[in-house]
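1. Predicted model and sequence follow; I will ask about them next.
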Amino acid sequence: MLGILASIIDGVLVGLVYGLAAMGLTLIWGVMDVVNLSHGPVIVAGMFGLYLLTSALGISPYLALPPVLIGGFFAGVLLYWIAVHRMVGKPPLMSLLSTFAVNLVLVGLGTAVWGTALFNVEVSVPGVSLGRYTFPGPHIVASLMAALIAYALYFFLHHSRTGKAVRAVANNREAAELVGIPTTRVLALTVGCSLAIACVSGMLIGTLFPFTVLSGDSYLLKSFVVTVLGGFGNPLGALFAGVALGVLEGAVAPFVPISWTLVIEFGLFVLALIAFPGGLFSLRRGAL
Amino acid sequence: MQLLRLSRRPFFWIIALVIAIFAIAPLIGNNVDLRERLVLDALYITLASNLNIMLGYTGYINFGSIVFYGLGGYICVWLVNSYAWPLGLSLLAAGVGVSLLALVFGLGILRLRGHFFALATIGIIEGVQAFTENFGPWGGSSGVYLSADIFKPLGGPARALWVIYFIMIGVMGLSLYLSYAIKNSKFGLGLLAIGQNEDAAAVLGVPTPLYKAFAYCISAFLPAVAGGLFFFKSAFIQPSDAFDLTLSTEAIVVAMLGGQGTVTGVALGAYLYEELRSYLLTTATFSNFQLVISGALLLVIVLFFPSGLMGWIYSRFPRTQKVLE
């Protein structure tokens, strides 16, 4: 019994990181109705950013956070101008295809450079013991950082002038333009923030689990599950849903082999899509 | 009935000519190299034409079209290997089985629209792959090997490859005629209406969820047969080959390159893309960057030429619109 409780608590810790990954996806989705299919490789880019910085410079893994965050932001602005700008307001088919094309380019470059070998970053943080069970240190630190960044995003969206502009554009782009908000710049900034968050979540996941260039697919799927559960375009819902997913993974882990987790998550995803098209945690439409 | 009516139009005979060229060209001088190239062309044309029924006509993007191909391959190889079914029957079983599965999936996920449908198809590809990797009877992640004996009923390996080639050409021809027939039927008009504006189509009496599920189901049949044929040919199947994301992607690139929603364009796009790809694969520098190149190509098409090759041909030579579909 205590074992299940322990794995549920660990699920909460990991789930916070999943929630952060999904926040990046849901932010673009909510603001400009574009599903970023290059989200997976961007998460992987965060992982490899961590790997390169720690192996080349020998710095502590957590010091890699600021450069990864900033790099992700600029990559996001670049992505906006390359693949998203012309697609905003077009039928979903076009933006899906253009971000999917970017996804292919990134995955192709990644496999050409690193192959599909498994990478691992050593993190030494002492764990916290509770009776017979020890919660790994990296899990605790990563979940705290994820929660902190999620809170920072929430604070930015609700209490800063720029953040309010982002929410205004999400609500009604034309009206926002009419009251003098530079919408194009706001959209570029949103994609930047989204990719910065995705990269950081990738970096944090990189401190928890080993990864390959192709890991992006499974984290993209997890992000979809979380986004669907949490309600579209609702960052806070995404965080809660991420925790829910982490708890689910933790709760089923003692009973089924790890390779079945993805099948279960997929089943949950399709069921959630059909049964709760509004999401489990969506309080109201356009909650951003 | 439909085909009889269509057979009075020139385009019907253009397709027949293409099939005849595919069938006869490698026979001249027993050209095995040409046959191996054309069989890949035929595969690409089959996959892209069937994808086009969803992508081009209905306006729904199916990222997981490769699931049909892979599952068809698995069902066929499994029946041949474990139950010693003849090839023809296994292919038919693969096609029917995957179509029924697609109908069940389709009735569920096709209530979703736009983004949500696309996401569900990505979920399906990941889910099905994870399932086969864990499914014991299908050999899990190590896959299934066929013994060399399976080619005996077809008259030995050398002759079997020719038989497989002609079946593949038949599948390609059926795909082209299917796309053509659907485009000129009431069903096809319903799909095109859904592609233009789904709400308006529903108001005008198109049973949208049913039509979409049918389109999804129909577009599953021939890729499943093609998959069965291909994995029978290579006598080996494993999850990473069967659900190869690259092939799924290439089907989308091909359909967009040729011009989504056209029959000619998709076939032309498949041919051109396959020629480009085989050129790139033989060039050492580029073989690693195949995915990058298809991605960049797709991006350029989507950003600057959303109507593809046929869009350019139609605007340049407006008269071709009357003949080429």
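-> Thanks, I have the structure now.
2. so which strand or helix has the residue in the stretch 51-200 of chain B positioned nearest to chain A?
-> Going by CB to the nearest CB, chain A is nearest to residue B:127 of the stretch 51-200 of chain B, at 3.2 Å. To be clear about C-beta, it is placed using only N, CA and C from the backbone, and glycine gets the same treatment. Per DSSP states H and E, residue B:127 falls inside helix B:114-134.
3. Give me the distance from that helix to the chain's centre.
-> Between the centre of helix B:114-134 and the centre of its chain there are 18 Å (CA atoms, centre = their mean, to the nearest Å).
4. try stretch B:307-314
-> Chain-centre distance of stretch B:307-314: 21 Å, with CA atoms, centre = their mean.
5. With only the CA atoms kept, save stretch A:78-94 in CSV.
-> Taking Å, rounded to 0.1, in the frame of the first residue of the first chain, the C-alpha atoms of stretch A:78-94 are listed here in CSV:
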residue,chain,number,x,y,z
LEU,A,78,12.4,32.2,-35.6
LEU,A,79,9.8,29.4,-35.9
TYR,A,80,7.0,31.9,-35.9
TRP,A,81,8.5,33.8,-38.8
ILE,A,82,9.3,30.7,-40.8
ALA,A,83,6.4,28.4,-40.3
VAL,A,84,3.5,30.0,-38.4
HIS,A,85,3.2,33.7,-39.5
ARG,A,86,1.6,32.9,-42.9
MET,A,87,-0.6,30.2,-41.4
VAL,A,88,-2.4,32.2,-38.7
GLY,A,89,-6.1,32.3,-39.5
LYS,A,90,-5.8,29.7,-42.3
PRO,A,91,-7.5,26.3,-42.2
PRO,A,92,-6.0,24.0,-39.6
LEU,A,93,-4.7,21.7,-42.4
MET,A,94,-2.1,24.3,-43.5
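6. tell me the contacts of the residue of the stretch 51-200 of chain B closest to chain A?
-> A:262, A:263, A:266, A:267, A:270 (CB atoms under 8 Å, 6 or more residues apart in numbering or on different chains).
7. which secondary structure elements does the helix or strand hosting residue B:229 contact?
-> Assigned by DSSP H and E, residue B:229 belongs to helix B:208-234. The contact analysis (3 or more CB pairs under 8 Å, 6 or more residues apart in numbering or on different chains; DSSP states H and E) places helix B:208-234 against helix B:32-52, helix B:66-83, helix B:87-109, helix B:156-183, helix B:186-196, helix B:198-203, helix B:239-242.
8. Give me the helices and strands touching the first one, please.
-> Contact analysis of helix B:32-52 by 3+ CB pairs under 8 Å, 6+ apart lists helix B:10-24, helix B:66-83, helix B:156-183, helix B:208-234, helix B:245-258, helix B:263-282 as its packing neighbours.
9. Can you list the buried residues in that helix?
-> By neighbour count on 16 or more other CB atoms under 10 Å in any protein chain shown, the buried set for helix B:32-52 is B:35, B:38-52.
10. Quick one: distance of that helix to the chain centre.
-> Centroid separation between helix B:32-52 and its chain, computed with CA atoms, centre = their mean, is 9 Å.
11. Ok, the longest one next?
-> For helix B:156-183, the distance between its averaged C-alpha position and the chain's averaged C-alpha position is 12 Å (CA atoms, centre = their mean).
12. got the residues of the stretch 1-150 of chain B near chain A?
-> B:55, B:59, B:61, B:63, B:108-109, B:111-112, B:114-116, B:118-120, B:122-124, B:126-127, B:130-131, B:133-134 (CB under 8 Å from any CB of the partner chain).
13. With adjacent residues omitted, what lies nearest to the most centrally placed residue in chain B?
-> Nearest residue to the geometric centre of chain B (CA atoms, centre = their mean): residue B:47, 1.3 Å. Leaving aside its sequence neighbours, residue B:47 sits nearest to residue B:251 (CB to CB, 6 or more residues apart in numbering or on different chains; 4.3 Å).
14. From residue B:55, how far off is that neighbour?
-> Remark: distance between residue B:251 and residue B:55 (CB to CB, to the nearest Å) = 9 Å.
15. So these two - more neighbours on which side?
-> Applying other CB atoms under 10 Å in any protein chain shown to residue B:251 and residue B:55 shows that residue B:251 carries more neighbours, namely 29 against 25.
16. secondary structure class for residue A:259?
-> Under the three-state scheme (DSSP: H, G, I helix; E, B strand; the rest coil), residue A:259 adopts helix.
17. give the contact list for whichever residue of the stretch 151-288 of chain A sits closest to chain B.
-> Proximity to chain B, evaluated over the stretch 151-288 of chain A using CB to the nearest CB, is greatest for residue A:266 at 3.2 Å. Residues near residue A:266 by CB under 8 Å, 6+ apart: A:221, B:123, B:124, B:126, B:127, B:130.
18. which non-adjacent residue is nearest the third one?
-> Of all residues beyond its chain neighbours, the one nearest residue B:124 is residue B:64 (4.6 Å), with distances taken as CB to CB, 6+ apart.
19. Run through the residues that contact that neighbour.
-> Per CB under 8 Å, 6+ apart, neighbours of residue B:64: B:121, B:122, B:124, B:125, B:128, B:248.
20. Angles on the backbone of it, please.
-> When read as degrees, to the nearest 10, the backbone of residue B:64 gives phi -100, psi 30.
21. Quick one, grab the pLDDT at it.
-> On pLDDT, residue B:64 comes in at 81.
22. The residue nearest to residue B:47 contacts residue B:49, correct?
-> No: counting by CB atoms under 8 Å, residue B:251 sits too far from residue B:49 to count as a contact (9.3 Å).
23. tell me, how many neighbours does the residue nearest to residue A:256 when sequence neighbours are not counted end up with?
-> Nearest residue to residue A:256, sequence neighbours excluded (CB to CB, 6+ apart): residue A:264, at 7.3 Å. Residues contacting residue A:264 under the criterion other CB under 10 Å number 15.
24. At the contact with chain A, which residues of the stretch 151-300 of chain B appear?
-> So the stretch 151-300 of chain B meets chain A at B:245, B:249, B:252, B:256, B:288-296, B:298-299 (CB under 8 Å from any CB).
25. Show me which of the residues you listed are buried.
-> Buried members of those, scored by 16+ other CB under 10 Å, are B:245, B:249, B:252, B:256, B:289-296, B:298-299.
26. residues near residue B:273, how many?
-> Residues near residue B:273, counting by other CB under 10 Å: 22.
27. mind listing what it touches?
-> B:44, B:250, B:253, B:254, B:257.
28. Now tell me which of those the prediction trusts least.
-> Within those, residue B:250 has the lowest pLDDT, namely 81.
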